[in-house]
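Undergrad: Predicted model, plus sequence, below.
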Amino acid sequence: MEIILITDIAGVGYKNDIVSVKAGYGRNYLIPQGFALLANPSNRKIVAENVRQASHKAEKLKKDAEDIATAIGDLTIDIKTVVGESGRIFGRVTNTQVADILKAKGFNIDRKKITLDDVKSVGTYSALIDLHKEVKHKIALNVIAAED
């Protein structure tokens, strides 16, 4: 029995794949659970069109992410924080702080897409911004002592 997978299923295939499975598995589990469709000609056409449209959208998202990465370029962000006498910071530098500074500079990037090095003292660090699954961009963070 040939079916079209709607979701990724371990050991069977990935979303939008046309796979051959045993009739009972497809008819009694995959199709009723909403994990697959019967691979008839009309469903094949629908899935082919969905894949075509999704690839067009994915290319546009990737291009937008590349444009943002180019616009950010070699940006260095200064983060002021309270520092003890030994040079260690109180608290921590968070991805929310970085996202807020980027937003102030005109880049609206979700804080969940920013990964920081472990910042423990004053100095230069880096942050990785995950703009797209294929587009990652590093920015420099300059952690400096806040003046009282």
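TA: Right, received. Where do you want to start?
Undergrad: Report the buried residues of stretch 23-34.
TA: 26, 30-31 (16 or more other CB atoms under 10 Å). For every residue, glycine as well, the C-beta is placed using N, CA and C.
Undergrad: Could you do stretch 72-90 as well?
TA: Along stretch 72-90, the positions that meet the burial threshold by neighbour count (16+ other CB under 10 Å) are 72, 75, 77, 79, 81, 83, 89.
Undergrad: before we move on, the earlier item: inside strands: which ones of the buried residues of stretch 23-34?
TA: Here DSSP state E is the test, and these give no hits in strands at all.
Undergrad: mind listing the strands for this protein?
TA: Taking DSSP E as the criterion, the chain carries its strands at 2-5, 18-20, 36-38, 76-81, 114-116, 123-132, 135-145.
Undergrad: Just the local confidence number for residue 148, please.
TA: Residue 148 carries a pLDDT score of 60 in this model.
Undergrad: what residue of this structure is the furthest out?
TA: Each residue of the chain has a distance to the centre, and by CA atoms, centre = their mean the biggest one is for residue 85: 38.5 Å.
Undergrad: so the longest helix out of those in the chain versus strand 135-145, what angle?
TA: With secondary structure taken from DSSP state H, the chain has its longest helix at helix 41-72. Between helix 41-72 and strand 135-145, the angle formed by their directions is 30 degrees, by axes from the mean of the first three to the mean of the last three CA atoms, to 10 degrees.
Undergrad: who does helix 41-72 touch, helix- and strand-wise?
TA: Counting by 3 or more CB pairs under 8 Å, 6 or more residues apart in numbering; DSSP states H and E, the packing neighbours recorded for helix 41-72 are strand 2-5, strand 123-132, strand 135-145.
Undergrad: Go again with 10 Å.
TA: strand 2-5, strand 18-20, strand 36-38, strand 123-132, strand 135-145 (3 or more CB pairs under 10 Å, 6 or more residues apart in numbering; DSSP states H and E).
Undergrad: Go through the ones you listed and name the closest to residue 66.
TA: Between residue 66 and these, the shortest separation by CB to CB is 5.6 Å, and it involves strand 135-145.
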